[in-house]
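Chemist: The sequence isn't on hand, but the structure is:
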């Protein structure tokens, strides 16, 4: 069965600090998909990134970057020079490719960025 | 504007009183799903639908029903709500399934007394 672990329940940083949110996953599939979503205090879920298991290139989007390492089954998310607007709950999620498997979410990491 | 809409956004009800939460998407997506979010548990999938008239159980289907009579709509039905169904509910859609990016509705906060 697939599983996603976000061991950090809550992280507090001061503005302009860099912060990394960890995501470790388990799956029996060789083909799978990983996602990150952001949930700001307003409650909606905002898609950030999708990555398939064959693409191990790291990705950078502005202040956001993602480090995918199949060897350690991790898909970590780094925010550089954090801002107060980054305060949110961040979810990592996994979907296997075979059949119609469910999308499994981690329990989320609450990031609090203070001025 | 491409979006997933849910109604109502907030609902307070009593145990046993049937309710329906509607979900509609305007992106012509084949796949739709329902999740519930609870503190400390993250999001868990309730039901999903691969296409019209095709639905299947997710991880936590007990106490819920769904139907998919039209491509754009995927209502969630609680026939006899109980307090343990108090939660934040999200509807989502994507083109073909869990492997594709799912776009989420704004959420429905349900309180069952």
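Modeler: Happy to help now that I have it. Everything numeric here is computed off the predicted structure, so don't read it as measured data.
Chemist: mind checking the SS state of residue A:85?
Modeler: Using DSSP: H, G, I helix; E, B strand; the rest coil, the secondary structure recorded for residue A:85 is helix.
Chemist: who are the neighbours in contact with it?
Modeler: residue A:113 (CB atoms under 8 Å, 6 or more residues apart in numbering or on different chains). (Each C-beta comes from the backbone N, C-alpha and C, glycine too.)
Chemist: what's the answer for the one 10 residues further on, then?
Modeler: Residue A:95 is in contact with A:2, A:32, A:33, A:35, A:101, A:102, A:103, A:104, B:97, B:98, B:99, counting by CB under 8 Å, 6+ apart.
Chemist: Flag whichever of those scores worst on pLDDT.
Modeler: Ranked by pLDDT, those bottom out at residue A:101 (61).
Chemist: returning to what we had before: of the contacts of residue A:95, which is the nearest to residue A:14?
Modeler: residue A:35 (28.2 Å; CB to CB).
Chemist: Which strand residues bridge the closest one?
Modeler: For residue A:35, the beta-bridge partners are residue A:50, residue A:93 (DSSP bridges).
Chemist: thought it was touching residue A:47?
Modeler: Yes. With contact defined as CB atoms under 8 Å, residue A:35 counts as touching residue A:47 (7.2 Å).
Chemist: Looking at the two, which one has more neighbours?
Modeler: residue A:35 (22 against 14; other CB atoms under 10 Å in any protein chain shown).
Chemist: Now which of the contacts of residue A:95 would you call buried?
Modeler: Taking 16 or more other CB atoms under 10 Å in any protein chain shown as the criterion, what is buried in the contacts of residue A:95 is A:2, A:32, A:33, A:35, A:101, A:102, A:103, A:104, B:97, B:98, B:99.
Chemist: do stretch B:1-14 and chain A meet at all?
Modeler: No. Using CB under 8 Å from any CB of the partner chain, we find that stretch B:1-14 stays clear of chain A, coming within 9.4 Å at best.
Chemist: mind checking pLDDT for residue A:98?
Modeler: So, for residue A:98, pLDDT stands at 64.
Chemist: tell me, how many neighbours does residue B:62 end up with?
Modeler: 8.
Chemist: what do you get for the one 4 residues further on?
Modeler: By other CB under 10 Å, 21 other residues sit near residue B:66.
Chemist: Leaving out chain neighbours, which residue sits closest to it?
Modeler: residue B:47 (4.4 Å; CB to CB, 6 or more residues apart in numbering or on different chains).
Chemist: Who does that neighbour form a beta bridge with?
Modeler: Beta-bridge partners, per DSSP bridges, of residue B:47: residue B:34, residue B:57.
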